[in-house]
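*Asks:* this one's sequence-less:
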């Protein structure tokens, strides 16, 4: 649990991550708490909110689960309301706060997240095409007859390892051993996903 700090507006979230020690404290809590969640669920159908992508050396973490965990850890539930992705009405201000948390703090300040904002098109053109700034990718997974939709944030394996205790890192590796069928990655694949699957995701 984090030592309670004054939280007046969303930018105050920076105080909870003002030092590397605080960041490490959160992620050790976060991983061990996720392990407890895993242990209390049916392993045949449980889909972990943390998924390892071997060929990219990143852990994809569901964004909304991440901010809910920050709210619980800090003892301030308003954080979840301010930062969550709302499918119905994700307001412009929320997008700004979400970008600040993931790109501002976790990527630029601490180097935990790797997100691609541009793509090298020099072999086709003299220009580099800029992609719209984003802090997550759409990810859809299936395990048996269960589906999960992620707003996946890619956290560097090496960077996370440097923050975690041995016990916590072993727990993270255990969580990453789950195997799933990936049905979609990115908004383009998600947009053409089978309608029956999307109906199942709506239930989720």
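*Replies:* Arrived safely, thanks for sending. Because the structure is predicted, anything quoted here is derived from the model rather than measured. Numbering: from 1, shown residues only.
*Asks:* so how far is residue 58 from the closest residue to residue 107 other than its chain neighbours?
*Replies:* Setting aside the residues directly before and after it, residue 107 is nearest to residue 113 in space (CB to CB, 6 or more residues apart in numbering), at 4.1 Å. The C-beta positions use only the backbone N, C-alpha and C, and glycine is treated the same way. Using CB to CB, to the nearest Å, residue 113 is found at 9 Å from residue 58.
*Asks:* beyond the lengthiest helix in the chain, next helix or strand please.
*Replies:* Longest helix in the chain, counting residues (DSSP state H): helix 20-39. The element immediately downstream of helix 20-39 (helix or strand, assigned by DSSP states H and E) is strand 50-53.
*Asks:* ok, residue 28 to residue 98 distance?
*Replies:* Separation of residue 28 from residue 98 (CB to CB) stands at 23 Å.
*Asks:* who has more neighbours out of those two?
*Replies:* Between residue 28 and residue 98, counting by other CB atoms under 10 Å, residue 98 is the more crowded of the two (24 against 18).
*Asks:* for that one, give me the pLDDT.
*Replies:* Note on residue 98: pLDDT of 92.
*Asks:* in terms of helices and strands, where is it?
*Replies:* Counting by DSSP H and E, residue 98 is found in helix 92-99.
*Asks:* same for that helix, what does it pack against?
*Replies:* helix 78-83 (3 or more CB pairs under 8 Å, 6 or more residues apart in numbering; DSSP states H and E).
*Asks:* how far away is the nearest residue to residue 14 once chain neighbours are set aside from residue 66?
*Replies:* Leaving aside its chain neighbours, residue 14 sits nearest to residue 105 (6.7 Å; criterion: CB to CB, 6+ apart). From residue 105 across to residue 66, the span is 12 Å (CB to CB).
*Asks:* give me the more crowded residue out of the two.
*Replies:* Shown here are residue 105 and residue 66; by other CB under 10 Å, residue 66 has more neighbours (23 against 18).
*Asks:* which helix or strand contains the closest residue to that one other than its chain neighbours?
*Replies:* Leaving aside its sequence neighbours, residue 66 sits nearest to residue 153 (CB to CB, 6+ apart; 6.6 Å). Assigned by DSSP H and E, residue 153 belongs to strand 146-156.
*Asks:* which positions in that strand come out as buried?
*Replies:* Within strand 146-156, the residues that count as buried by 16 or more other CB atoms under 10 Å are 147, 148, 149, 150, 151, 152, 153, 154, 155, 156.
*Asks:* neighbours of the closest residue to the second one other than its chain neighbours, how many?
*Replies:* Using CB to CB, 6+ apart and skipping the chain neighbours, the partner closest in space to residue 148 is residue 47 (4.1 Å). Applying other CB under 10 Å, we find 20 other residues in the vicinity of residue 47.
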